[in-house]
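Peer 1: Dropping a prediction and its sequence here:
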Amino acid sequence: MMRRLIIAVACSAVGIAGADLPVRDVVLYKHGVGYFERAGRLGPGESARLDFKADEMNDVLKSLTLEEKGGGKISGLRYDSSLPLPKKLEEFPVSIGNQQPLSATLDQLKGARLELRSAAETVSGVIVGARHSLATTNQPEREQVTLLLDSGDIRNFDLGAVTGIRFSDPKLQAQFQDYLATLAQARSKDKRSVYIDSTDSQARDISASYMIPMPVWKSSYRLVLGASGQPTLEGWAIIDNTTGDDWTNVRLALVSGRPISFISRLYEPRYLARPEAELAEEQALAPVVDTGTVDERKDGEAPGVGGGVGSAGVAGAVSGAMPRRKAMFRNENRPGAPPAPMAMPQSMDVINRISQQSTIASTAAARELGELFEYRIGAPVTIRKNESAMLPFLQDKISARKLLIYSDDNSVHPLNAAEITNSTGKTLDGGPITVLDAGAYAGEALMETVKTGDKRLISYAVDLGTRITTKFESKGQTVREIHLNRGILTTRNAAVETKTYTIHNVDQKPKTLIIEHLARLGYSLLERKPTEKTAAAYRFEVKLAAGGTEKFAVTEEQVFENSVTIVSLTPDVLVTFVQNKNLSDAARKQLNEIVSRKQQIAASDAGARRLDEQINAIVRDQDRIRQNVNSLNHVSAQQEQVQKYARQLADQEGQLASLRDRKSALEAKRAALESELNSLIEKMEF
């Protein structure tokens, strides 16, 4: 069986390998992609092969760029389809299963011409069939193929005695080779190959560049502080080689920044649904029985049956037509906006190498790339596949000063911090910082990306030698300004609040403290000016004496406006505004006129209420008297009392008439006063 397997593979071997192009340049970005450049020399007629993972193909097809030096031209690219293996194998005329005997494979190709070679002879013929006989007591296991020879004879051949097999049909031979090549490529389920074909028959140099998904490179720093001398900042880049290739002596660059990038589904076949449209079926004609003529048919008139069917067929085809669908664009990262151009590395020959004395093995050259920043590692880098490395990219003296920072009211201790000013001339990528002070570990901090000349505060430990307490005071609201316009009274009010920080320096050495005071929306500072301001806080710098206590007060005010219609205010409320010291004399005089009118109107309203009370009391008494009269009318000898009640009712009616006249006069007076007030308010402004 082993011999037959070797024969089968040997007769179907296919050269599917192309020349590998080693990786020469790698540029890693912060947004999940990497730029790769491969280059190599190809022999005459040789194709180049690039191997990728399946999930990298979309980016490869979107970004692959090729260059051939030496006069040749790229004729095209070939790459493995995204179809699953069973789907790919469906198109072949043969199927080979696991541990399938050769006879079972040949039996699927009945009718194909086959050439058999053995030590005794070489024969060719058409396959009639093949069979596999299991071993018995009298006979070993055998495989046989039956051929129809050119002579017309049908013969059985033992495949165990055959030394070579070949299909006479070149097309079938090629299909068999392609089948085996497909199986070979499928051994790596995640591997996809791209083949670069060229028209050049001479040896030539070729380079290929592309973008693929990559882990973001990570940076970490060491800040070395000392009792004297300028601090040193050391930066290391953490690189992960998750590709399937070794990086051997590659030129490596690291780019800080996040250009726009997205995934476009280019690798998967995309089909467009189309409408189905068919011509209407023609109806068969039934036999016609002639019953004689009544009128003659005019020239050019179509027969009734034929014309009807033809017309219906055209109408059906037109009405069944469907409009075309618009093409769909799919963007998985950020729909609606066109992508920003991707920053690509320039030629390696134009990069200035920067060297400097340092304690680490190598440094990186840095340069601006538009809105991005690049660190280029000075020495060639070697990282094996599926390995990671940590490479130094920065070691510079940096401007930094030690201080304390306090921003949390829930803590009584500030934090040890350092104010870093980026004086390196390079952009510092964000990352963790390990702080070393006087040769010992002092703590850790996090830093965002810092541009050249910018500065950051990093806090790395709690200072137990300083205690801070806070006290809050509020003076309530005061009216700063009063304005009146078209009957709307607007007051500008202020609420003043003070927060006092009491700082006690326990240590016997002076310190510098930065207080981060929350910048609240709508509040502004009084008296003090901050050293600097962030998006969320004011920063105040306070010098602390050795073993001393310092009080630091921050006063703020919130100014806001209230508006109300002046006619809705009572005279008592208006009097409080008249008495406000911030009101001008002219405004106070005008406001007093309104108060006077409002008081007169209030007096009229009070008089009207008193008259209403008197009227209501008389009406209630009249109701009582009438009830008594009704009761006495049914009792004899009570006429004198009834007459008395009648006179009393008559007197009360006179009183009611007088009271109602007085109320009407008050209402008229009130209306006149209100009219005067409205006219006065309409004209008044201050």
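Peer 2: Okay, I see it.

Peer 1: Does residue 211 lie in a helix or a strand, and which?
Peer 2: For residue 211, the element it lies in under DSSP states H and E is strand 204-213.

Peer 1: in the helix or strand that that strand is followed by, what counts as buried?
Peer 2: Downstream of strand 204-213, the first helix or strand assigned by DSSP H and E is strand 218-225. Within strand 218-225, the residues scored as buried using 16 or more other C-beta atoms under 10 Å are 218, 219, 220, 221, 223, 224, 225. The way it works is simple: take the backbone N, C-alpha and C, and place the C-beta from them, glycine included.

Peer 1: do stretch 578-593 as well
Peer 2: 578, 580, 583, 587, 588, 590, 591.

Peer 1: In TSV, list those residues along with secondary structure, distance to residue 254 and pLDDT.
Peer 2: Shown next, in TSV, are these (DSSP: H, G, I helix; E, B strand; the rest coil; distance: C-beta to C-beta, whole Å; pLDDT from 0 to 100):
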residue	secondary structure	distance to residue 254	pLDDT
578	helix	72	79
580	coil	66	79
583	coil	67	79
587	helix	68	80
588	helix	72	81
590	helix	73	81
591	helix	71	81
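
Peer 1: quick check, nearest of these to residue 398?
Peer 2: Checking the buried residues of stretch 578-593 against residue 398 by C-beta to C-beta gives residue 580 as the nearest, at 57.0 Å.

Peer 1: separation between that closest one and residue 168?
Peer 2: Distance, residue 580 to residue 168, using C-beta to C-beta, to the nearest Å: 115 Å.

Peer 1: try residue 432
Peer 2: With C-beta to C-beta as the criterion, residue 432 and residue 168 are 70 Å apart.

Peer 1: so what strands line up beside the strand or helix carrying residue 457?
Peer 2: Assigned by DSSP H and E, residue 457 falls within strand 455-462. Strand pairing for strand 455-462, using DSSP bridges, gives strand 415-421 (antiparallel).

Peer 1: element containing residue 494?
Peer 2: strand 488-505.

Peer 1: Show the average pLDDT along that strand.
Peer 2: Strand 488-505 comes out with an average pLDDT of 90.

Peer 1: Use 18 as the first number from now on
Peer 2: With 18 as the first residue, the last one maps to strand 505-522.

Peer 1: C-terminal to that strand, what's the next element?
Peer 2: strand 528-535.

Peer 1: show me what contacts the closest residue to residue 540 other than its chain neighbours?
Peer 2: Spatial nearest neighbour of residue 540, excluding adjacent residues (C-beta to C-beta, 6 or more residues apart in numbering): residue 573 at 4.4 Å. Each residue near residue 573 by C-beta atoms under 8 Å, 6 or more residues apart in numbering is listed here: 513, 514, 515, 516, 537, 540, 541, 542, 543.

Peer 1: rerun that using 7 Å as the cut-off
Peer 2: Contacts here follow C-beta atoms under 7 Å, 6 or more residues apart in numbering; on that basis residue 573 touches 514, 540, 541, 542, 543.

Peer 1: Please check these and keep the buried ones.
Peer 2: 514, 542.

Peer 1: could the contacts of residue 573 be laid out in a markdown table, adding secondary structure and distance to residue 52?
Peer 2: What follows is those, written out as a markdown table (DSSP: H, G, I helix; E, B strand; the rest coil; distance: C-beta to C-beta, whole Å):
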| residue | secondary structure | distance to residue 52 |
| --- | --- | --- |
| 514 | strand | 55 |
| 540 | strand | 49 |
| 541 | strand | 50 |
| 542 | strand | 49 |
| 543 | strand | 55 |
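
Peer 1: What pLDDT does the model give residue 176?
Peer 2: At residue 176, pLDDT is 85.

Peer 1: what's the answer for residue 189, then?
Peer 2: For residue 189, pLDDT reads 84.

Peer 1: Quick check: bridge partners of residue 208?
Peer 2: Bridge pairing for residue 208 - DSSP bridges - gives residue 70.

Peer 1: Wait, it touches residue 68, no?
Peer 2: Yes - the criterion here is C-beta atoms under 7 Å, and residue 208 meets it with residue 68 at 5.9 Å.
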